[in-house]
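A.B. asks: this one's structure only:
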């Protein structure tokens with residue numbers, strides 16, 4: 001795996017071994033950031049189910065001011081911290097080891113981009129909708145004005161089009177991977 005753009009573009013990062021983590025491919029990550037464009041000055045990003053931290057670290061490489069990386073797996077957390085250290089991004093990255101749904105109320109928003117990449121496994125099928133519903137709760141206020149939630153999922157299991165105050169504005173597919181883009185309409 002590598003960072004595909006920005007100040008650390010081309011640098012290699014590591015992903016946790018095993019079947020517990022499914023890293024976003026370089027191709028899909030490149031496509032996501034081509035769609036998003038450059039983050040605005042001072043942008044804060046949240047990478048939920050961060051695994052290696054690739055999405056949050058990519059956002060930092062492209063100019064985001066802060067990335068908060070959240071995962072419950074100890075191996076993923078160690079790898080995300082190591083990748084931030086390798087890229088010399090430690091001062092711009094905060095790593096949180098916690099269950100995502102339990103962590104959400106403790107996080108301080110707003111975030112410009114929220115990346116969400118829960119497990120695809122059949123047992124975790126409802127996880128994506130549960131987290132989107134929590135993010136779409138008007139009281140949560142984790143997504144800032146003009147912000148987007150970028151949710152990666154299996155192309156056969158798209159999330160609901162509306163999740164509280166969030167509305168899906170775009171859906172893209174690359175092989176078995178799909179990405180839904182949600183915004184908070186004015």
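C.D. replies: Received it, and whenever you're ready, just let me know what you need. Since this is a predicted model, take the numbers as computed values, not measurements. Numbers count the residues shown, from 1 in each chain.
A.B. asks: where does pLDDT dip in the chain?
C.D. replies: 17-23, 120-125 (pLDDT under 70).
A.B. asks: can you give me the helices in this structure?
C.D. replies: In the chain, the helices defined using DSSP state H lie at 26-36, 54-61, 74-86, 100-103, 127-136.
A.B. asks: can you redo those as JSON lines with mean neighbour count and distance to residue 93?
C.D. replies: No exception for glycine: its C-beta is placed from N, CA and C like everyone else's. Converted to JSON lines, the helices of the chain look like this (neighbours: other CB atoms under 10 Å; distance: least, CB to CB, whole Å):
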{"stretch": "helix 26-36", "mean neighbour count": "16", "distance to residue 93": "17"}
{"stretch": "helix 54-61", "mean neighbour count": "28", "distance to residue 93": "7"}
{"stretch": "helix 74-86", "mean neighbour count": "19", "distance to residue 93": "4"}
{"stretch": "helix 100-103", "mean neighbour count": "16", "distance to residue 93": "15"}
{"stretch": "helix 127-136", "mean neighbour count": "20", "distance to residue 93": "21"}
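A.B. asks: and these as TSV, adding distance to residue 157?
C.D. replies: Listed next are these as TSV, based on distance: least, CB to CB, whole Å:
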stretch	distance to residue 157
helix 26-36	16
helix 54-61	20
helix 74-86	22
helix 100-103	18
helix 127-136	8
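A.B. asks: and these: which comes nearest residue 169?
C.D. replies: Closest approach to residue 169 among the helices of the chain (CB to CB): helix 26-36, 10.7 Å.
A.B. asks: chain center to the lengthiest strand in the chain: distance?
C.D. replies: Secondary structure of the chain per DSSP state E: the longest strand is strand 143-154. Chain-centre distance of strand 143-154: 8 Å, with CA atoms, centre = their mean, to the nearest Å.
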